[in-house]
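1. attaching a predicted model along with its sequence, questions to come.
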Amino acid sequence: MSSSDDIAVSTSSAKYHDAEKVLTHTSAVGTTTRPQYETQEDAELAEMGYVPEMKRNFSVWALLGVGFGLTNSWFGISASLVTSISSGGPLMIVYGILIIASVSSFIGITLSELVSAYPNSGGQYYWTLVLAPKKYNRFWAYMCGALAWAGSVFSSTSTSLSIAQVIVGMHALRAGPDFVVRKWMIFVTFQLVNFIAFLFNCYAKVLPAIARSALYVSLVSYFVISITVLACSSGKYQSAHFVFVEFNNQTGWSSSAIAFITGLINPNWCFSCLDCATHMAEEAYEPERKIPIAIMGTVAIGFLTSFTYVIAMFFSLQNFEDILTSNTGVPIIDIYYQSVKNVGGTLFLITMFLLTAWGCTISGQTWMARLCWSFSRDNGLPGSHLWSKINPTLGVPFNAHAMSCTWVAICGCLYMASTTGYNSLVVGTITFLLLSYSIPVVFLLLKGRNNIKHGPFWLGKLGLVANIVTLAWTVFACVFFSFPFALPVEVNNMNYISVIMVGFCVYLVFYWYVRGRKTFRERSASANEILEDKE
């Protein structure tokens, strides 16, 4: 074909070109036809090699609702209190929040800079495609995407289990101290929670409203619960020494430092999943500006609510030993009960708590489905041709959503296998996601921060510090959060995250060499590269 000929853009994949939307362009090489899209955001997405398939109906408040609705730090502290209350007591959690919120601020800056530069629903795995050397970018993007999706599955599993524990704990409170909570009760309730949350994510039009509602419900519940508990405990508050100074180590670890560090799992879980909003990049206008606001807003609101909430709860705590031995198995229920001193009032507060929890679970599944769908667009998962489809009627990646929730149901079986299975899921959420954040950061630093395009959110030297802190914390967490939760170590209380992580990574490498390297594709072609398919 000569340079003066008309050039028609075409491709074998519908993902690269919408034949109904073309733009005629005349240049030195002749006349070309290129995809034309209604918005600048869609045009930029096409430059990345993807055809826009999702409706952009998420405002900055809806993005913040999804981000904070999932992270929901004050809820997370309450739900996972059982994992760390014995690792130092109130002191560990109060100071743990200060530590983790500081670290999370740097992680938030890192993610915000990257999504501002490269807004794409693939998030961290897409950034890896762009930043890693051409020779290695497909492999590392594949590893990154798989870790991120697995982390989202662990997150949704642990959140649904938290709700199940609270629901069964409510029944135990009503039934009295003689009621014995059985594992199967929590497991069955967990499966119901997972299924109900699945239904809420099946229709795209309602999701922005649900996300905004999750934010408002969480904040209202936080205020009502905190004020009620403080008011009912008036005149019977714990001392400041108990909350801020007294260290209560019941883990069996002789080292208080190790007990404290392993206890950080609880506050770290409450600030995990900060990448959530990044995977909504193709459902919002100006994602390069709005998503950083959602990420940093999530950290800020999370810190303010969780820090003040735990101080209110621990000053209102009447008997520390009772919450460790209660038949509910959920410490926060007993803290509420010790404060209001009647079952009806406690159930009311727990109901508000559960409304917040539902928002968290629904947001988690929204995030998980987007991760699965975006990764499948590049054939990152077995059966990707199914998971990469958007249901035209529902407007959501229904197949990816259904498959992901099925894996949540399967992972819930880990709870039946071990008394600390829930703890392992919490740790899996933290470590898998941190690893997925760190992979693109490594390649960003190797490439040079000044050698990439900068988005509207770019903090220069502070961003470099944030990158280094993100990598350092990933190493720290992967090492110390793999320690046993308590001593002596037995089969039923072992921390199985090391086995899970190694086994999963071995599978990923095996799958890559058997099939993944043949099917996983880089979809970062620019419009100019697409023109190579000219006829």
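-> Yes, it's here. Residues are numbered from 1 along each chain as shown.

2. use CA for all of it now, contacts and neighbours both
-> Fine.

3. and the pLDDT at residue 50?
-> As predicted, residue 50 sits at a pLDDT of 84.

4. does it count as helix, strand or coil?
-> In terms of secondary structure, residue 50 is coil; the call rests on DSSP: H, G, I helix; E, B strand; the rest coil.

5. cool, and the one 3 residues further on?
-> Using three-state DSSP, the three-state assignment for residue 53 comes out as coil.

6. distance of it relative to residue 511?
-> Residue 53 sits 28 Å away from residue 511, going by C-alpha to C-alpha, to the nearest Å.

7. and for residue 173?
-> Note on residue 173: its distance to residue 511, by C-alpha to C-alpha, is 48 Å.

8. what about these two, which has more around it?
-> residue 173 (20 against 14; other C-alpha atoms under 10 Å).

9. spatially nearest residue to the more buried one, not counting backbone neighbours?
-> The spatial neighbour of residue 173 that comes closest, neighbours along the chain excluded (C-alpha to C-alpha, 6 or more residues apart in numbering), is residue 328 at 6.3 Å.

10. what separates that neighbour from residue 172, distance-wise?
-> For residue 328, the distance to residue 172 - C-alpha to C-alpha - is 5 Å.

11. so what sits against both of the two?
-> Counting by C-alpha atoms under 8 Å, 6 or more residues apart in numbering, the residues touching both residue 328 and residue 172 are residue 181.

12. who has more neighbours, these two?
-> Taking other C-alpha under 10 Å, residue 328 and residue 172 do not tie; residue 328 has more neighbours (27 against 20).

13. in this protein, which helix is the longest?
-> As assigned by DSSP state H, the longest helix anywhere in the chain is helix 137-175.

14. avg pLDDT for that helix?
-> Model confidence over helix 137-175 averages 95 on the pLDDT scale.

15. what is the closest residue to residue 247 other than its chain neighbours paired to in the beta sheet?
-> Once its chain neighbours are removed from consideration, residue 247 has its nearest residue in residue 88; the separation is 5.0 Å (C-alpha to C-alpha, 6+ apart). In this structure, residue 88 has beta-bridge partners residue 248, where bridges are defined by DSSP bridges.

16. how about stretch 477-496: buried residues?
-> Neighbour-count burial for stretch 477-496, counted by 16 or more other C-alpha atoms under 10 Å, picks out 477-478, 481-486, 493-496.

17. lowest-confidence entry in those?
-> residue 493 (74).

18. check the gap between the closest residue to it other than its chain neighbours and residue 80 for me.
-> Excluding the flanking residues, the one nearest residue 493 by C-alpha to C-alpha, 6+ apart is residue 420, at 5.2 Å. When C-alpha to C-alpha is applied, the distance between residue 420 and residue 80 equals 12 Å.

19. tell me which of those two has more neighbours.
-> When neighbours are counted by other C-alpha under 10 Å, residue 80 comes out ahead of the other of residue 420 and residue 80, with 24 against 21.

20. surely that one meets residue 266?
-> Yes - counting by C-alpha atoms under 8 Å, a contact exists between residue 80 and residue 266, whose distance comes to 5.9 Å.

21. next, give phi and psi for the residue nearest to residue 53 when sequence neighbours are not counted.
-> Beyond its immediate neighbours in the sequence, the residue positioned closest to residue 53 (C-alpha to C-alpha, 6+ apart) is residue 390, lying 7.2 Å away. The phi and psi torsions at residue 390 (degrees, to the nearest 10) take the values phi -100, psi 120.

22. for residue 390, what are its contacts?
-> 53-54, 396-399.

23. ok, residues contacting stretch 348-366?
-> 66-67, 69-72, 75, 152, 155-156, 159-160, 163, 166, 170, 197-198, 200-201, 210-211, 213-215, 217-218, 221, 225, 333, 336, 401, 405.

24. do stretch 397-411 as well
-> Taking contacts as C-alpha under 8 Å, 6+ apart, the residues outside stretch 397-411 that touch it are 153-154, 156-157, 191, 194-195, 198, 201-202, 365-366, 368-370, 372-373, 386-391.

25. where does the stretch 251-400 of the chain dip in pLDDT?
-> Within the stretch 251-400 of the chain, no stretch has pLDDT under 70.

26. quick one: the helices in it, in order.
-> In the stretch 251-400 of the chain, the segments counted as helices under DSSP state H, counting those that start in this stretch are 256-263, 265-269, 287-316, 320-325, 331-340, 343-377, 384-387, 398-411.

27. now do the same contact list for the nearest residue to residue 74 once chain neighbours are set aside.
-> Spatial nearest neighbour of residue 74, chain neighbours left out: residue 306 (4.0 Å); criterion: C-alpha to C-alpha, 6+ apart. For residue 306, the contacting residues are 73-75, 77, 97, by C-alpha under 8 Å, 6+ apart.

28. out of these, who has the most neighbours?
-> Within the contacts of residue 306, most neighbours by other C-alpha under 10 Å means residue 73, with 30 neighbours.

29. which pair in the contacts of residue 306 spans the largest distance?
-> Largest separation among the contacts of residue 306 by C-alpha to C-alpha: 75 and 97, giving 13.0 Å.

30. the helices in the stretch 401-535 of the chain, which residues?
-> In the stretch 401-535 of the chain, the segments counted as helices under DSSP H, counting those that start in this stretch are 413-417, 421-447, 461-480, 497-511, 517-519, 527-530.

31. out of those helices, deepest packed?
-> Relative to the other members of these, helix 421-447 carries the highest mean neighbour count by mean count of other C-alpha atoms under 10 Å, namely a mean of 24.

32. what's that one packed up against?
-> helix 124-131, helix 137-175, helix 265-269, helix 413-417, helix 461-480, helix 497-511 (3 or more C-alpha pairs under 8 Å, 6 or more residues apart in numbering; DSSP states H and E).

33. next, the angle from the particular helix or strand that has residue 69 in it to helix 137-175.
-> Of the helices and strands defined by DSSP states H and E, residue 69 is found in helix 60-71. For the pair helix 60-71 and helix 137-175, the angle between their directions (axes from the mean of the first three to the mean of the last three C-alpha atoms, to 10 degrees) equals 70 degrees.

34. and helix 60-71, what does it pack against?
-> For helix 60-71, the packing partners by 3+ C-alpha pairs under 8 Å, 6+ apart come out as helix 207-232, helix 287-316, helix 343-377.

35. put together JSON lines for the ones you listed, with distance to residue 259 on each row.
-> Output for the helices and strands packed on helix 60-71, formatted as JSON lines (distance: least, C-alpha to C-alpha, whole Å):
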{"stretch": "helix 207-232", "distance to residue 259": "28"}
{"stretch": "helix 287-316", "distance to residue 259": "19"}
{"stretch": "helix 343-377", "distance to residue 259": "28"}
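
36. out of those, which is closest to residue 136?
-> helix 343-377 (17.3 Å).

37. how far is that closest one from where the chain is centred?
-> Its chain's C-alpha centre and that of helix 343-377 lie 11 Å apart, by C-alpha atoms, centre = their mean, to the nearest Å.

38. list the buried residues in that helix.
-> In helix 343-377, counting by 16+ other C-alpha under 10 Å, buried: 346-347, 349-354, 356-377.

39. got it, and stretch 388-398?
-> Within stretch 388-398, the residues that count as buried by 16+ other C-alpha under 10 Å are 388-390, 396-398.

40. same question for stretch 251-261.
-> Neighbour-count burial for stretch 251-261 flags 251, 253, 256, 258-261 (criterion: 16+ other C-alpha under 10 Å).
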